[in-house]
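> sequence and computational prediction follow.
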Amino acid sequence: MAGPGADMQWCFSQVKGAIDDDVAEADIISTVEFNHTGELLATGDKGGRVVIFQQEIENKNLPQFRSEYNVYSTFQSHEPEFDYLKSLEIEEKINKIRWLPQKNAAQFLLSTNDKTIKLWKISERDKRPEGYNLKEEDGRYKDPNSITALRVPVLIPMDLMVEASPRRVFSNAHTYHINSISVNSDNETYLSADDLRINLWNLEITDRSFNIVDIKPTNMEELTEVITAAEFHPLHCNTLVYSSSKGTIRLCDMRESALCDKHSKLFEEPEDPSNRSFFSEIISSISDVKFSHNGRYMMTRDYLSVKVWDLNMENRPVETYQVHEYLRSKLCSLYENDCIFDKFECCWNGNDSVVMTGSYNNFFRMFERSQRRDVTLEASRENSKPLQVLKPRKVCAGGKRKKDEISVDSLDFNKKILHTAWHPQENIIAVATTNNLYIFQDKVN
Amino acid sequence: EEKRAGPASTLYCADGDDSLYPIAVLIDELRNEDVQLRLNSIKKLSTIALALGVERTRTELLPFLTDTIYDEDEVLLALAEQLGNFTMLVGGPEYVHCLLPPLESLATVEETVVRDKAVESLRKISQEHSPVDLEVHFEPLVKRLASGDWFTSRTSACGLFSVCYPRVSSTVKAEIRQHFRTLCSDDTPMVRRAAASKLGEFAKVLELDYVKSDIISLFTALASDEQDSVRLLAVEACVSIATLLPQEDLETLVMPTLRQAAEDKSWRVRYMVADKFSELQKAVGPEITKNDLVPAFQNLLKDCEAEVRAAAANKVKGKRLNIMLPFIRLIQYTNQHVKSALASVIMGLSTILGKDNTIEHLLPLFLAQLKDECPEVRLNIISNLDCVNEVIGIRQLSQSLLPAIVELAEDAKWRVRLAIIEYMPLLAGQLGVEFFDEKLNTLCMAWLIDHVYAIREAATCNLMKLVEKFGAEWAQNTIVPKVLGMANDPNYLHRMTTLFCINALSEACGQEITTKQMLPVVLKMSNDQVANVRFNVAKSLQKIGPVLDNNALQTEVKPVLEKLASDQDMDVKYFAQEAISVLPLA
């Protein structure tokens, strides 16, 4: 991979979605995920739809115009439902998408809303059968007496058609809202986590799942924390982690016992007493946890920072990056407008050397780990000319505002980047603003 | 073969529209939008093939089917199955290789059931290949699958090695061994699992020297795979491999791996050892069992994971006494789940141990378990009492049984109460009428007024079974008066229970008791102020009618039913009229 991260120049490649300022609720992007080769990029939205983009084959003559992503398949994954027993509306919003490792010519992904996980097959068809005995190809029936010989249909080529078909529906296993799904490296199981429980499923079996973590207290009044995210280790099929609203991460070893109520590691950083405030607990809640590709580290995102943990060190993170420290003085107003509860996600680049996460004002941040350098970039319509290089942005935290700096007070908190994804091999990133998906790539010299 | 099938098909078609038309429909429905119709057509594929003749089946039908792998799973499953029986329809063994392309594409679909069925059919038709065709057509297919891009095809290949290996030349044999070896160290755990699960089967067809050289190293590698889902499958393979090897090689070739599996870090692997214990024991023989497996088994019974202990406990039955007893004593240190599993098998041991050993070793355990805090443990002991009864007689236990039964009978959980009710007839039979009257009768009557309907219903059914056991006279003296007494209960649910009991008991009690004692009560209840009771009177009369004599029916039942048929309540009317129409009332 070319020189990664902050050092690198990023340029605009594509933007997907309507240009309208008037955003329809259903169009708000709720998850973004590359598949394992990066050839496909899936987004889910609040309207329950999944849109899959496919990377075009590179044009060797025009290296600067490489790899555009175009719509490959769009389908309605979830519909709004109503739980009559509990009088609850179940939103169709797609909370997470996870691709399965490719098993044959077709592609498979899991999508989930608050309650139901579905396994989808996305397959191509380029042939269609032709020839009937009893009717013409246009459907008109033939005179049965005219049939003197049997005709076997033949397959003839046709324009490529991409079909998405639901293969499995995993339902009725979650009392609370599902926040995470994660496919195990054994390729036959996956986990789903809600606020209080984690279930383990076999990908082929829909009528039963095993509850492996349950943190629900007998008396709900004693509830002090909830599960916010969970993920399997990328290589060790027995290891999973889950993060909590208290800022801790628990690592479970499924080899030890069938129930993972007892964690084998607890990652927790002692709180800095000088920063203690009314909001401490809220902002320490972890909104996302991701293992590095090599499985040695994991990254967590809380409201103000990104932390990288070495799996072998539980007492503190090995790296801490401030995402938007200038907001610490604004927590009161961010609490009032509910922004403090925003769930920012985070992601690794292909070789784990850079981490990326979102912020407000359509800003997103990259941290280059070895150089300890970082950059703030912006996804906006203004710099969306082909191959335009993104200018690093700076926020003025106080004092005299320099030219090209933006003051904290003029940040737009309605424009937030919660979901980002990094191509598993190349320097191509997908960044979701409210209803647009931006694709950026590194500048090829 | 072709000569015979040829003329037959011409005849069939030449016959005119009558015979052609249904086939034409079947062929068209192969691509109907309705899955059910497609499925029907696929299930009649042999009819289509027969009509087309062997030549067109090979050149037209099979190529079409090869490309239909877009279809629904159930259609593909049916297709994969059909093709396994298609040899004659393509022209016999000479042409059987024509079936390979469609089965090859079916062997790569994502649905495991379909792939497995395709592999099953491929295994079947492999036997119909001549040795030459096997090398020219079948073995290349196995190789293609084994080196396929996607793991679905490679997993399918794992199941095909063992069927072609015995029938190919030694050069090809070497290639097959190499392919299997490669798949055992495949990148994806799915393929390694498939290889591990076929390791035993493949070992069986290999020459002993290769078993010792190749298979053992593969077995050792799979048994120490980084994924526990692979390691646990090696335990299964261990059984087959151990049976193939001479006793003197077991210690060096198999036992180190097995010992390691029994102490694996992952509970799922240890569970597998516990679960396969009987098979393993048989495979390694008595000497190794005594020296190696027994201590391992003891550890599994003490395992920190309850699932492992339970699996081990379930295998206790069938072990020899000296091996068994130390474990059984362990139950006091173990948890509910395991105790309950052990309780369900421990009673069966008495038949193996005989009277003296049972009294000496098992009786104290039964007694302890009868006092266990977990109702499930107590219930498992009581539900298996019949085994002990055969050996030592239940009297030995009766004094300890009683408190346990009484406690379960009054358990706060109705499902526990329900379970013990179901064992009442069995207990009554074993304890005898005297003991029953003295100690258990009160319980049985108390259930009739339980606040849970399911318990009252089960209690009624229980009474019927008791009457069948102890006879009508006993019923008349002990339970009928009590049942009839409830007819005056202020609670209408209890009054209804009287009716339900009468429904259940009338047949067992016979005509005299029914007419003289029960009928008057039922008739009297037709004046009940609760409509539910009244319509149940109508239902009861319909039910006990066949037991009554004609005189009672005409003079007593008929007027009451007629009165109820003009009741103001709709349901009462309905059931009264139904009874009138069913009973032989003139």
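Structure received. Residues are numbered from 1 along each chain as shown, chains lettered A, B, ... in the order given.
> for the rest of this, base every contact and every neighbour count on C-alpha atoms.
OK.
> list the contacts of the host helix or strand of residue B:560.
Counting by DSSP states H and E, the secondary-structure element that holds residue B:560 is helix B:558-565. Under the contact criterion CA atoms under 8 Å, 6 or more residues apart in numbering or on different chains, helix B:558-565 has outside partners B:523, B:526, B:534, B:538, B:572-577, B:579-580, B:585.
> mind listing which of those residues are in helices?
B:523, B:534, B:538, B:572-577, B:579-580 (DSSP state H).
> make CSV out of those residues and add distance to residue B:65 and pLDDT.
Written out in CSV, the entries for the ones in helices among the contacts of helix B:558-565 read as follows (distance: CA to CA, whole Å; pLDDT from 0 to 100):
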residue, distance to residue B:65, pLDDT
B:523, 72, 91
B:534, 66, 93
B:538, 63, 93
B:572, 63, 93
B:573, 63, 92
B:574, 59, 94
B:575, 59, 93
B:576, 63, 93
B:577, 61, 91
B:579, 60, 92
B:580, 63, 91
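> can you pull out the helices in the stretch 251-400 of chain A?
Taking DSSP state H, counting those that start in this stretch as the test, the helices found in the stretch 251-400 of chain A are A:280-284, A:331-336.
> tell me, how many residues neighbour residue A:197?
21 (other CA atoms under 10 Å in any protein chain shown).
> which non-adjacent residue is nearest it?
If the residues on either side of it in the chain are set aside, residue A:197 comes closest to residue A:214, at 4.5 Å by CA to CA, 6 or more residues apart in numbering or on different chains.
> could you check how far that neighbour is from chain B?
From residue A:214 over to chain B the distance is 17 Å, taken as CA to the nearest CA, to the nearest Å.
> pLDDT below threshold where in the chain?
This is for chain A. A:1-7, A:58-66, A:444-445 (pLDDT under 70).
> my question was about chain B
Using pLDDT under 70, the flagged stretches of chain B are B:1-18, B:313-338, B:341-353, B:386, B:392-397, B:400, B:586.
> and the residue of it closest to chain A?
Closest residue of chain B to chain A, CA to the nearest CA: residue B:266 (3.8 Å).
> and that residue, what does it touch?
Applying CA under 8 Å, 6+ apart, we find residue B:266 in contact with A:254-257, B:228.
> can you add distance to residue B:408 and give the ones in helices among the contacts of helix B:558-565 back as JSON lines?
Compiled in JSON lines, these are given as follows (distance: CA to CA, whole Å):
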{"residue": "B:523", "distance to residue B:408": "37"}
{"residue": "B:534", "distance to residue B:408": "35"}
{"residue": "B:538", "distance to residue B:408": "36"}
{"residue": "B:572", "distance to residue B:408": "38"}
{"residue": "B:573", "distance to residue B:408": "42"}
{"residue": "B:574", "distance to residue B:408": "41"}
{"residue": "B:575", "distance to residue B:408": "38"}
{"residue": "B:576", "distance to residue B:408": "40"}
{"residue": "B:577", "distance to residue B:408": "43"}
{"residue": "B:579", "distance to residue B:408": "40"}
{"residue": "B:580", "distance to residue B:408": "43"}
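> from these, which two are the most distant?
The span of the ones in helices among the contacts of helix B:558-565, defined through CA to CA, is set by B:523 and B:574 at 17.5 Å.
> comparing the two, which residue is more hemmed in?
In terms of neighbours (other CA under 10 Å), residue B:523 is the more surrounded of residue B:523 and residue B:574; the figures are 20 against 17.
> for the more buried one, give me its contacts.
By CA under 8 Å, 6+ apart, residue B:523 lies in contact with B:537, B:556-557, B:560.
> just the buried members of these?
Members of the contacts of residue B:523 that pass the buried threshold by neighbour count (16 or more other CA atoms under 10 Å in any protein chain shown) are listed as B:537, B:557, B:560.
> from residue B:407, how far out is the second one?
The reference is to residue B:557. In this structure, residue B:557 lies at 43 Å from residue B:407, with CA to CA, to the nearest Å as the measure.
> now the closest residue to chain B within chain A. Nearest residue, chain neighbours left out?
When distances are taken as CA to the nearest CA, chain A approaches chain B most closely through residue A:255, which lies 3.8 Å from it. Once flanking residues are discounted, residue A:255 sits nearest to residue B:266: 3.8 Å by CA to CA, 6+ apart.
> longest strand anywhere in chain A?
Taking residue count as the measure and DSSP state E as the definition, the longest strand of chain A comes out as strand A:154-170.
> partner strands of the helix or strand just after it and their direction?
Going down the chain from strand A:154-170, the next helix or strand is strand A:180-183, by DSSP H and E. Using DSSP bridges, the strands paired with strand A:180-183 are strand A:189-193 (antiparallel).
> ok, residues contacting the strand it pairs with?
The contact list for strand A:189-193 (CA under 8 Å, 6+ apart) reads A:178-184, A:198-203, A:227, A:229-232.
> before we move on, back to that, buried members of the contacts of helix B:558-565 into PyMOL, please.
For selection in PyMOL, the members of these meeting the burial criterion (16+ other CA under 10 Å) are listed in this command:
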select buried, chain B and resi 523+526+534+538+572+573+574+575+576+577+579+580
